[in-house]
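J.: Here's my sequence, what's the structure:
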Amino acid sequence: MVVVVTAPHSKRNRTWGATTSTSKSSGGGDASHHVMGKRCKCNSRLLCMCLLPCMMTGHLVIYVMVSIFVTLSYTPPKVTVHYVAPGTSANSSALASHPLGPFWNLRLEDSALWNQLQHVWDRQHNPLLRVNTTAVMRKPKAKLLSQIKDECLSDCMSHRCSIPRMNDFNSLPDQMKAFIRSMHCREYPLLINQPGICKKNNNSLGLDAPMLLMAVKSQVGNFENRQAIRETWGRSGLVKGESNKRGGSVRTVFLLGRQDSSTGPHPDLKNLLDLESQKYGDILQWDFRDTFFNLTLKDLLFWHWLRQHCPTAVFVFKGDDDVFVRTGALLDYLHKQWEEHNQWRVYTNDTAMDLFVGDVINNAMPNREPSTKYYIPERFYKGGYPPYAGGGGVVYSGSLALRLKEVSKKVRMFPIDDVYLGMCLHRLGLSPVHHPGFLTFDLPETDRGNPCAYRSVLLVHRRSPKEMLTLWQQLQSLPGQC
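T.: Now for the predicted structure:
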């Protein structure tokens, strides 16, 4: 209730007073609502300002807890089991066809020679990395590369190239020094060639090419090994399968260099090797020193020869001359792979077959023990090895062999040939597939003399020439109880 006091004689004053009082009453209500609205907005803002840090802190705590849980629950990959008892393998259900990460690495170790040289090639061949190359990165490596090229490429055949910028070069083992001096040389004359070996075939696949080309790394003095292979698992011609009678056309070549005079005097076997080549027509020899660290060079030169003289080979076996191969069983396996590939390419229209099979080794690190032949000093190479197949023997498709030839131009030569193959596969975005039938590390001693133990083996390492002949005869008539 509003009481208005006015003079009785003044109507005007009464009216004005009432009006004024009513106006004040109304204005007071609006002001009250306005003040309450401001208080609500302020309270909301304060509430948001208080809750936001709490919510962010809560999310951070949850993230840290999840990260710790994932780290604690992580289990490293299992080491590959290199011997599997005859039968099925636990590894067969976990075959990988692609590596987990990209090959291109912006953070390769720079202090080791191989890593430095590979850095230069990475930036030459990848425009994305070339953009990220800093001036600090470019100048020393480019200078190092040009210096090595000038000193090495002009003098490859004499093996007098030097690497003056590598620390403590003279303290390295002789085989490592020899490799470094010639690691930039990839072209050597072919002394003995077999240009028409892949034209003579009788192929069950209806293709004008051998189904299986067997490339065996040998040395000049290992005639007995080569002869045992010719009489057993390396016979050229039409070979029957074991369960699949179609088999396929097989051609065998032996990959040789020159005798290594640095290991001491050797008898001159050149004339005998020429006679062997004339009689059997399966010798390929290049003019380079045949050493352990030059086995990588054999791969490079063989791929070049394959591209020129046998580009349509369906599959390639690459192995040593002290392994034993169940060729018929291997042909059965390859027939199955070929049929599966043909079924798959109906849907993908992909004619290339990227098969690479062997005894796969994962999570390997360089051997740092100077007394071993696998010794890789840290100042030459830093880092781990990509997945690779053990060197007793591997099988890959002919189309992949041609791709390996091309990608090898972008990967620096590495002393261990098996690891180098893994590097090339990694660059292609592929990984070798493990097969339990490839026994690079042999059977247990108790099973070596039992022919039945070989029923699921495709390759076993190592066997002497006499053991090859004996085992071949035993496997021709396996007892029924196997």
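J.: tally of neighbours for residue 50?
T.: By other Cβ atoms under 10 Å, the residues close to residue 50 number 9. (Each C-beta comes from the backbone N, C-alpha and C, glycine too.)
J.: swap in residue 299?
T.: For residue 299, the tally of surrounding residues (other Cβ under 10 Å) stands at 23.
J.: show me where this structure has strands.
T.: 190-192, 212-217, 237-239, 248-258, 283-289, 315-320, 323-325, 356-358, 360-361, 388-389, 393-397, 433-434, 438-439, 459-461 (DSSP state E).
J.: Indicate which one of those is closest to residue 116.
T.: The closest of the strands of the chain to residue 116 is strand 388-389. By Cβ to Cβ, the value is 22.2 Å.
J.: and for that closest one, what are the contacting residues?
T.: 356-361, 364, 418-419, 421-423, 425, 432, 438 (Cβ atoms under 8 Å, 6 or more residues apart in numbering).
J.: would you turn the strands of the chain into a markdown table with mean neighbour count, mean pLDDT and distance to residue 452?
T.: Formatted as a markdown table, the strands of the chain follow (neighbours: other Cβ atoms under 10 Å; pLDDT from 0 to 100; distance: least, Cβ to Cβ, whole Å):
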| stretch | mean neighbour count | mean pLDDT | distance to residue 452 |
| --- | --- | --- | --- |
| strand 190-192 | 16 | 98 | 41 |
| strand 212-217 | 25 | 98 | 25 |
| strand 237-239 | 16 | 92 | 22 |
| strand 248-258 | 24 | 97 | 25 |
| strand 283-289 | 21 | 98 | 36 |
| strand 315-320 | 24 | 98 | 24 |
| strand 323-325 | 25 | 98 | 15 |
| strand 356-358 | 26 | 98 | 24 |
| strand 360-361 | 23 | 96 | 26 |
| strand 388-389 | 27 | 97 | 26 |
| strand 393-397 | 25 | 98 | 22 |
| strand 433-434 | 23 | 96 | 23 |
| strand 438-439 | 26 | 96 | 15 |
| strand 459-461 | 24 | 96 | 14 |
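J.: Below-threshold pLDDT in the stretch 351-482 of the chain: ranges please.
T.: Across the stretch 351-482 of the chain, the ranges flagged by pLDDT under 70 are 351, 479-481.
J.: picking up where we left off before, now render the strands of the chain as JSON lines, adding distance to residue 230.
T.: Shown next, in JSON lines, are those (distance: least, Cβ to Cβ, whole Å):
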{"stretch": "strand 190-192", "distance to residue 230": "16"}
{"stretch": "strand 212-217", "distance to residue 230": "10"}
{"stretch": "strand 237-239", "distance to residue 230": "11"}
{"stretch": "strand 248-258", "distance to residue 230": "7"}
{"stretch": "strand 283-289", "distance to residue 230": "11"}
{"stretch": "strand 315-320", "distance to residue 230": "14"}
{"stretch": "strand 323-325", "distance to residue 230": "13"}
{"stretch": "strand 356-358", "distance to residue 230": "23"}
{"stretch": "strand 360-361", "distance to residue 230": "29"}
{"stretch": "strand 388-389", "distance to residue 230": "25"}
{"stretch": "strand 393-397", "distance to residue 230": "17"}
{"stretch": "strand 433-434", "distance to residue 230": "29"}
{"stretch": "strand 438-439", "distance to residue 230": "22"}
{"stretch": "strand 459-461", "distance to residue 230": "17"}
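J.: Of all those strands, which one comes closest to residue 172?
T.: Here strand 283-289 is closest among these (Cβ to Cβ), at 17.1 Å.
J.: report the angle between the axes of the closest one and strand 248-258?
T.: Strand 283-289 and strand 248-258 are oriented at 30 degrees to each other (axes from the mean of the first three to the mean of the last three Cα atoms, to 10 degrees).
J.: So residue 453 sits against residue 443, correct?
T.: Yes - counting by Cβ atoms under 8 Å, residue 453 touches residue 443, with 5.8 Å between them.
J.: quick one on the thing from earlier: and the furthest pair within the contacts of strand 388-389?
T.: That would be 423 and 438, which, of the contacts of strand 388-389, are the farthest apart (Cβ to Cβ) at 19.8 Å.
J.: Going along the chain, name the helices of the stretch 201-350 of the chain.
T.: Secondary structure of the stretch 201-350 of the chain (DSSP state H, counting those that start in this stretch): helices at 223-231, 270-280, 295-309, 327-348.
J.: and residue 166, which of these is closest to it?
T.: Of these, nearest to residue 166 by Cβ to Cβ is helix 295-309, at 19.0 Å.
J.: and the closest one, average pLDDT?
T.: The average pLDDT for helix 295-309 rounds to 98.
J.: other SSEs contacting it?
T.: Secondary-structure packing of helix 295-309 (3 or more Cβ pairs under 8 Å, 6 or more residues apart in numbering; DSSP states H and E): strand 212-217, strand 248-258, strand 283-289, strand 315-320, helix 398-407, helix 417-428.
J.: If we use 6 Å, what do you get?
T.: Secondary-structure packing of helix 295-309 (3 or more Cβ pairs under 6 Å, 6 or more residues apart in numbering; DSSP states H and E): helix 398-407, helix 417-428.
J.: quick one on the thing from earlier: put together a markdown table for the helices of the stretch 201-350 of the chain, with distance to residue 406 on each row.
T.: Formatted as a markdown table, the helices of the stretch 201-350 of the chain follow (distance: least, Cβ to Cβ, whole Å):
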| stretch | distance to residue 406 |
| --- | --- |
| helix 223-231 | 30 |
| helix 270-280 | 29 |
| helix 295-309 | 9 |
| helix 327-348 | 21 |
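J.: Which of those helices comes out lowest on mean pLDDT?
T.: Out of those, helix 327-348 stands lowest, with a mean of 85 (criterion: mean pLDDT).
J.: which residues are contacting that one?
T.: For helix 327-348, the external contacting residues (Cβ atoms under 6 Å, 6 or more residues apart in numbering) are 233, 239, 241-244, 247-248, 315, 353, 355, 458.
J.: May I see the ChimeraX selection of the buried members of those?
T.: Selection of the buried residues among the contacts of helix 327-348 in ChimeraX, burial being defined by 16 or more other Cβ atoms under 10 Å:
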select :233,239,241,242,244,247,248,315,353,355,458
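J.: Most widely separated two among the contacts of helix 327-348?
T.: Spatially, the most separated pair among the contacts of helix 327-348 is 233 and 353, at 23.3 Å (Cβ to Cβ).
J.: Throw the helices and strands packed on helix 295-309 into a markdown table and include distance to residue 197 and mean neighbour count, thanks.
T.: Listed next are the helices and strands packed on helix 295-309 as a markdown table, based on distance: least, Cβ to Cβ, whole Å; neighbours: other Cβ atoms under 10 Å:
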| stretch | distance to residue 197 | mean neighbour count |
| --- | --- | --- |
| helix 398-407 | 14 | 19 |
| helix 417-428 | 23 | 23 |
